[in-house]
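J.: Below: sequence and its predicted model.
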Amino acid sequence: MTLGEKQRLFMRLLPRLLDKLHELGFEASIGDAFRDERSHGKMGERIAYGNAYSAHKMRLAIDLNLFIDPDGDGPLPTNYLKDTESHRALGEWWEAQHEFCCWGGRFNDGNHYSITHEGVK
């Protein structure tokens with residue numbers, strides 16, 4: 001599958017991921033999505049934070065910040081879930097959506113959801 005085909009697959013699957021996180025009782029904000037080479041370096045180059053080889057640089061990844069309202073009494077949850085374990089149910093669901101779906105919880109980056117391409121997650 002080409003990079004372009006995988007980018008379009010990612011965009012088809014992303015709304016399902018967002019629906020699923022709401023179904024599981026979470027709210028979310030976007031962390032990183034596309035990492036422009038002007039700020040993060042070309043593939044294989046590391047400028048600033050992040051991996052030198054990142055699916056974010058290929059428009060194949062998104063980091064989602066999960067929130068939950070444990071008491072259910074607020075209009076919007078304010079409790080930010082920082083730990084990988086909080087993402088487990090969503091991450092494992094994501095992995096089951098397609099053979100190329102990758103969850104960052106497998107490599108200590110729990111809020112990372114991506115499509116693999118040429119070994120890059």
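T.: Yep, it's here.
J.: what's the longest strand in this structure?
T.: In the chain, assigned by DSSP state E, the strand with the most residues is strand 61-68.
J.: List the buried residues in that one.
T.: Residues 61-64, 66-68 are the ones in strand 61-68 that count as buried (16 or more other CB atoms under 10 Å). Where C-beta positions appear, they are placed from N, C-alpha and C, glycine not excepted.
J.: So which elements touch the longest helix along the chain?
T.: Looking across the chain with DSSP state H, the single longest helix is helix 3-23. Using 3 or more CB pairs under 8 Å, 6 or more residues apart in numbering; DSSP states H and E, the elements in contact with helix 3-23 are strand 27-30, strand 61-68, helix 88-95, strand 112-115.
J.: The same query, at a cut-off of 7 Å, please.
T.: Secondary-structure packing of helix 3-23 (3 or more CB pairs under 7 Å, 6 or more residues apart in numbering; DSSP states H and E): strand 61-68, helix 88-95, strand 112-115.
J.: How about residues contacting the first one?
T.: In other words, strand 61-68. For strand 61-68, contacts defined as CB atoms under 7 Å, 6 or more residues apart in numbering pick out 14, 21, 25-33, 54-55, 77-81, 86-87, 111-114.
J.: could you flag which of these are buried?
T.: 14, 21, 26, 28, 32, 54-55, 77, 81, 86-87, 111-114.
J.: Nearest to Arg106, out of the helices and strands packed on helix 3-23?
T.: Closest to Arg106 of the helices and strands packed on helix 3-23, according to CB to CB: helix 88-95, at 8.0 Å.
J.: Please name the nearest non-neighbouring residue to Trp103.
T.: Here the nearest residue to Trp103 in space, its sequence neighbours aside, is Gly91; by CB to CB, 6 or more residues apart in numbering that works out to 3.4 Å.
J.: Report the contact partners of that neighbour.
T.: If a contact means CB under 7 Å, 6+ apart, then Gly91 has 103, 105, 110 as its contacts.
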